[in-house]
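Enquirer: Model the following, please.
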Amino acid sequence: MGAAVALAAKESLENLIASFIIFFDKPFTAGDTLKVNDVSGTVEKIGLRSTRIRTGDKTLVTVPNKQMVDSIVDNWSMRTHRRAEIKLELAATTSAAAIQTVINIIKEKMMADTDHITSCTVHLTEINKSGNIIKAEYFTHPVTMEDFVSLRENYYFFIKKVLEENKVAMSNSYTPEDFISKPPAAAE
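Expert: Numbers count the residues shown, from 1 in each chain. The predicted model follows:
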């Protein structure tokens, strides 16, 4: 009986000690958005035994404090920047001059956007039989997810227009000529 009580008390004592570690070390506080193991969401309450996290699905998940201390906690609220990456796979037939033009236009636009972007790189990162790969990576200030997604969408539309204006096709996609209306083929 004593061994059973000791084993049950061991887990409670571990969670209590872990709660003190959380209170003194402060790896996160109530209101922070974080990811621990497979759970991500906003911390609603830190108790003596557990931490309650409201997920993106609006469910409330209770995580034992020992697990919060023993696991890797990614505190998204402590980010200094948000990182985005745009990968463009251009057709293998795209000329070097067209690739360089696209890179220069994207890089110029991102470098001029100092209100949103803190740093950026745009490079041709790979040439293979299926195409030419341009990778644009940029960092923003720690904005809300909605603002971040809107900014990324704006860049996708900008890049789409740049590709259309320069008649550059994506790999395994239609060429600009495919969108020109053609008369229907005669019936045989």
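Enquirer: so where's the longest helix in this protein?
Expert: helix 2-25 (DSSP state H).
Enquirer: what's that one packed up against?
Expert: Judged by 3 or more CB pairs under 8 Å, 6 or more residues apart in numbering; DSSP states H and E, helix 2-25 is in contact with strand 39-46, strand 60-64, helix 65-70. The C-beta positions use only the backbone N, C-alpha and C, and glycine is treated the same way.
Enquirer: the inter-axis angle of it versus strand 39-46?
Expert: Compare the direction of helix 2-25 with that of strand 39-46 by axes from the mean of the first three to the mean of the last three CA atoms, to 10 degrees and you get 90 degrees.
Enquirer: could you dump helix 2-25 to PDB, C-alpha only?
Expert: In PDB, the C-alpha atoms belonging to helix 2-25 read as follows (Å, rounded to 0.1, in the frame of the first residue of the first chain):
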ATOM      1  CA  GLY A   2       2.800   2.300   0.900                       C
ATOM      2  CA  ALA A   3       4.600   1.700  -2.400                       C
ATOM      3  CA  ALA A   4       1.400   2.500  -4.300                       C
ATOM      4  CA  VAL A   5       1.000   5.800  -2.500                       C
ATOM      5  CA  ALA A   6       4.600   6.600  -3.000                       C
ATOM      6  CA  LEU A   7       4.300   6.000  -6.800                       C
ATOM      7  CA  ALA A   8       1.200   8.100  -7.000                       C
ATOM      8  CA  ALA A   9       2.800  10.900  -5.000                       C
ATOM      9  CA  LYS A  10       5.900  10.800  -7.100                       C
ATOM     10  CA  GLU A  11       4.100  12.000 -10.200                       C
ATOM     11  CA  SER A  12       2.300  14.800  -8.300                       C
ATOM     12  CA  LEU A  13       5.600  15.800  -6.700                       C
ATOM     13  CA  GLU A  14       7.300  15.900 -10.100                       C
ATOM     14  CA  ASN A  15       4.500  18.100 -11.500                       C
ATOM     15  CA  LEU A  16       4.700  20.400  -8.500                       C
ATOM     16  CA  ILE A  17       8.500  20.800  -8.800                       C
ATOM     17  CA  ALA A  18       8.100  21.400 -12.500                       C
ATOM     18  CA  SER A  19       5.500  24.200 -11.800                       C
ATOM     19  CA  PHE A  20       8.100  25.900  -9.600                       C
ATOM     20  CA  ILE A  21      10.600  25.600 -12.400                       C
ATOM     21  CA  ILE A  22       8.100  27.200 -14.800                       C
ATOM     22  CA  PHE A  23       7.300  30.000 -12.400                       C
ATOM     23  CA  PHE A  24      10.900  30.900 -11.700                       C
ATOM     24  CA  ASP A  25      12.500  30.200 -15.100                       C
END
